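Student: Model the structure of this input:
(2 chains)
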Amino acid sequence: MIYLLHRLAHTVVILFGVTLLVFILIRLSGDPAALYLPEGATEVQIAALRERLGLEQPLHVQYGSFVSRMVRGDFGISLWHRRPALDLVLERLPATIELTLVSLLFAMVIAVPAGVFSAVWRNSAFDAAARIVALLGLSIPNFWLGIMLILVFSVNLRLLPAFGRGDATHLILPGIALGSAAAGTIMRLVRSNVLETMHLDYVRTARAKGLPEYMILSKHVLRNSAIPALTFTGLQLGYLLSGSIVTETVFGYPGVGRLAVQAINNRDFAVVQAFVAFAAIIFALANMLVDLLYTLLDPRIRY
Amino acid sequence: MHGTCITTRRQRVLRPTVSIALALLLTVAWAQREVTVAITSDPLSMDPHVAATTQTVTTVNHIFDNLVQRHPVTMAIVPNLATSWEISEDRIYVFTLREDVRFHNGQVLTAEDVVFSFDRMLQPGFESMGNYVRPIIESVVALDELTVQITLHAPYAPFLNRLPTFYIVPAAYVQEVGDDAFARAPIGTGPFRFVEWVHGEYWTFEAFEDHWAGEPEVKRATFRPIPEASTRIAALLSGAVDIIEQVNLVDIPRLEADPSIRVEATNDNRFYFYAFQSSRPPFDDPRVRLAVAHAIDWDEILWIFEGYGFRVAAPGLQTDFGYSAYIDDLEPLLPAYDPERARELLAEAGYPDGLSITIEAPRGQWPKDAELAQAVASELARVGIDAEVRVSEYAVYLTDVYRGGRIEHMGFFTMGNPLFDPDHLFTVHFDPDGGGAYYNSPELTALGKRARLVTNPDERAAIYGEMMRYLVVNQPYLWTHGLQQVYAMRSDIDWRPRPDIRMFMEEVSFRD
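Tutor: Sure thing, here's the model as predicted:
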């Protein structure tokens, strides 16, 4: 319990650190008033809008009022959308969570069995093929993979929708594009962990006791090699969230990633800040969840 | 037998069958009178007085009408909700409204709705729409049910050109439901009625059967935001959408090879240029600016736009007011490619051994922006001008570099002319009271201000002829090129893109 409270306190500190950093960084480049007003706006008009937005105040005053509003759950009004930034982010968040979970599921479903069997059949043709595919998944940029998937499955085969959100078929292509890098990494991680565990004494003992190979694998090897993979997967959730920025843009998918890209381009401060705060919260929560899962997998771990 | 019609048994069976089949076919054809359009982003609002991004205007255009509109090809001002208007004392505009125009809720349009709409968009807070005209308009009053009088503080000749982005909203409805609810469920007099908007996913309109100009051929129009150009193309090729905008140059051959797709292009109302930093050496000397203009062989550069770029040597486009009146006289004055002349001018200006400058540009904001800067730099090297290219992200470039006159020597920029009138060029770039940061001169200011006061079109055109001559001779900017806007669509759709790059679905028809 104390551990949990500690972690929560950490999360709050991290959240403040991250929002402060973003608050300052985004204000270092680009003036939202100039970007918002049409090309022909005069300096006087720009100055008037800056004044109205409170951008003329000293940075620490702006940050102070931002924090005091943030703790009350108010991230300010989006300059471009003229709606509360929090509403915009919350409205788009389910779509992104959906996509992130699908891509994670895709990664796990492909990567875990592939990793295990690669290790079991080490140096076989399967192992070689799986490792090459994993390396490809890791190294192909997800925007390129996204475009290729669209060309093959939407344009040529006309099997799956090319863009947007709707029924479950809309999640397949972006899910694969987003999850492929994670799949590659998870597969390599599972493979090396399983290999390592398979040579440990207790596994040899289990084998000596005459346990069938599938029992050894499922009861002893998998469970013990799962911890590093789980840690990685928890972290991966955060990376997938940031990867969704690119994937959502390619697939015209209406999630927070695309909202964030537009907001950054427009220097729509309120939306960028709300997005970053949420990303930080999700990242921190995912890590906490992973830590809690450890106790289930390894009874020796207690908090 | 006379006048009697004998029907056989077969006919009796066939007739209903044929009519049912015909009705079915018609229903199918009717159902197909739907278009889905992929554009780059969502509108900012369905409230037509809130924002003026291209996507917003393209969207609200369908729901709302304005007093006057632009002709789809010539861009000249033509009647819309106002059937006629009279101008007196150069500053009093009396508009006669069309009779029996209905809003989507059945209410009849009156002069009060027009007055309410103007009052609303002139309020502070409606920055983008009201900005230009707030200082110009003195009053808007209803003279009777169908007559509106707009009085300006002073004569402002391009006033009518401002009106196509001023939409008329129903006074009673807006007052009843409030601004927020109005933006969520907008009602106008436009050819389409609003159905729904799922943010980030799509927005849909359906044909308004009681529109004063008749019901549009398109019965249902859906717009989808797809920011990525290659995904827009994939969506078109896969049949998910019917019309797409902003086609990338590299994709055109692939689309043209597909018989089910048609590619259409139009010159738009935008040109590109480099602003010279003329407040200090070396570009405070017009001879150095002209030397740069003579040093560049545009025939050699414009191929980077793969046939969709065209040279703009003076800051006017064919659809601008007055263009045809001055362009013939201007042609001989335009600086031609002449590296010898460029070197002479540099020597005369005191740079016989050449000079070093910087060229600044954003990357990825406009087609080939950074590449063009490199190409210009290599042309300048041939006459002894050593140009270093500096490229930055657009937001940084716009606010930290270009705005406020912080270009070091030459900086790339663009100007769209929503007014289709040289007054916009003057206001935004050369009016010392406006946005002009890089160049102004008393002579130019006098010309620009005089043109605003003269409502006689011939006299105004003559003044703009003088202004163009001044700009070409003094070359405060290096005007570079214009680009065609490229669209692609299903080949059975008949639609011509417009120079104002708006998309009106009531202009779409189907090839049967």
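Student: For the stretch 101-250 of chain B, give the residue positioned nearest to chain A.
Tutor: B:G200 (2.9 Å; Cβ to the nearest Cβ). The way it works is simple: take the backbone N, C-alpha and C, and place the C-beta from them, glycine included.
Student: Surely that residue forms part of a helix?
Tutor: No: B:G200 sits outside any helix when classified using DSSP: H, G, I helix; E, B strand; the rest coil, being coil.
Student: Neighbours of it, how many?
Tutor: For B:G200, the number of neighbouring residues by other Cβ atoms under 10 Å in any protein chain shown comes to 24.
Student: Provide a list of residues in contact with the nearest residue in space to it that is not next to it in sequence.
Tutor: Closest residue to B:G200 apart from its sequence neighbours, by Cβ to Cβ, 6 or more residues apart in numbering or on different chains: A:P254 at 2.9 Å. Residues near A:P254 by Cβ atoms under 8 Å, 6 or more residues apart in numbering or on different chains: A:R92, A:A95, A:G164, A:R165, A:E248, B:V198, B:H199, B:G200, B:E201, B:P225.
Student: please redo it, this time with the cut-off set to 7 Å
Tutor: Residues near A:P254 by Cβ atoms under 7 Å, 6 or more residues apart in numbering or on different chains: A:R92, A:A95, A:R165, B:G200, B:E201.
Student: Make a ChimeraX selection of the buried ones in those residues.
Tutor: Buried subset of the contacts of A:P254, written as a ChimeraX selection, criterion 16 or more other Cβ atoms under 10 Å in any protein chain shown:
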select /A:92,95,165 /B:200,201
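Student: how near is the spatially closest residue to B:I252 that is not a sequence neighbour to B:G307?
Tutor: In space, and not counting its chain neighbours, B:I252 is closest to B:V263: 5.9 Å by Cβ to Cβ, 6+ apart. Per Cβ to Cβ, to the nearest Å, B:V263 is found 12 Å from B:G307.
Student: One more: B:S279?
Tutor: B:S279 sits 38 Å away from B:G307, going by Cβ to Cβ.
Student: Chain B contacts on chain A?
Tutor: Proximity of chain A to chain B, by Cβ under 7 Å from any Cβ of the partner chain, involves residues A:29-31, A:34-35, A:37-43, A:45, A:49, A:80-82, A:91-92, A:147, A:150-151, A:154-155, A:158, A:161-165, A:249-252, A:254, A:258, A:262, A:265, A:267.
Student: the strands in the stretch 51-200 of chain B, which residues?
Tutor: Along the stretch 51-200 of chain B, the segments classed as strands by DSSP state E, counting those that start in this stretch run B:68-70, B:77-79, B:82-88, B:92-97, B:137-144, B:147-152, B:192-198.
Student: Serialize those to a markdown table and add fields for distance to chain A, mean neighbour count and mean pLDDT.
Tutor: Below are the strands of the stretch 51-200 of chain B laid out as a markdown table (distance: least, Cβ to the nearest Cβ, whole Å; neighbours: other Cβ atoms under 10 Å in any protein chain shown; pLDDT from 0 to 100):
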| stretch | distance to chain A | mean neighbour count | mean pLDDT |
| --- | --- | --- | --- |
| strand B:68-70 | 18 | 20 | 95 |
| strand B:77-79 | 20 | 15 | 96 |
| strand B:82-88 | 24 | 14 | 95 |
| strand B:92-97 | 22 | 19 | 98 |
| strand B:137-144 | 16 | 14 | 95 |
| strand B:147-152 | 19 | 19 | 97 |
| strand B:192-198 | 8 | 18 | 96 |
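Student: My read is that B:A437 contacts B:G404, right?
Tutor: Yes: contact status for B:A437 versus B:G404: in contact at 6.2 Å, counting by Cβ atoms under 7 Å.
Student: The two - which one has more neighbours?
Tutor: The neighbour comparison of B:A437 against B:G404 (other Cβ under 10 Å) goes to B:A437, with 21 against 13.
Student: got the residues of the stretch 101-250 of chain B near chain A?
Tutor: Contacts of the stretch 101-250 of chain B with chain A, taken as Cβ under 7 Å from any Cβ, map to B:127-128, B:131, B:199-201, B:224-228, B:230-231, B:234-235, B:237-238, B:240.
Student: Pull out the buried residues from those residues.
Tutor: Applying 16+ other Cβ under 10 Å to these flags B:127-128, B:131, B:199-201, B:224-228, B:230-231, B:234-235, B:237-238, B:240 as buried.
Student: what's the helix or strand for A:A181?
Tutor: Assigned by DSSP states H and E, A:A181 falls within helix A:169-198.
Student: What's the mean pLDDT across that helix?
Tutor: In this model, helix A:169-198 carries a mean pLDDT of 91.
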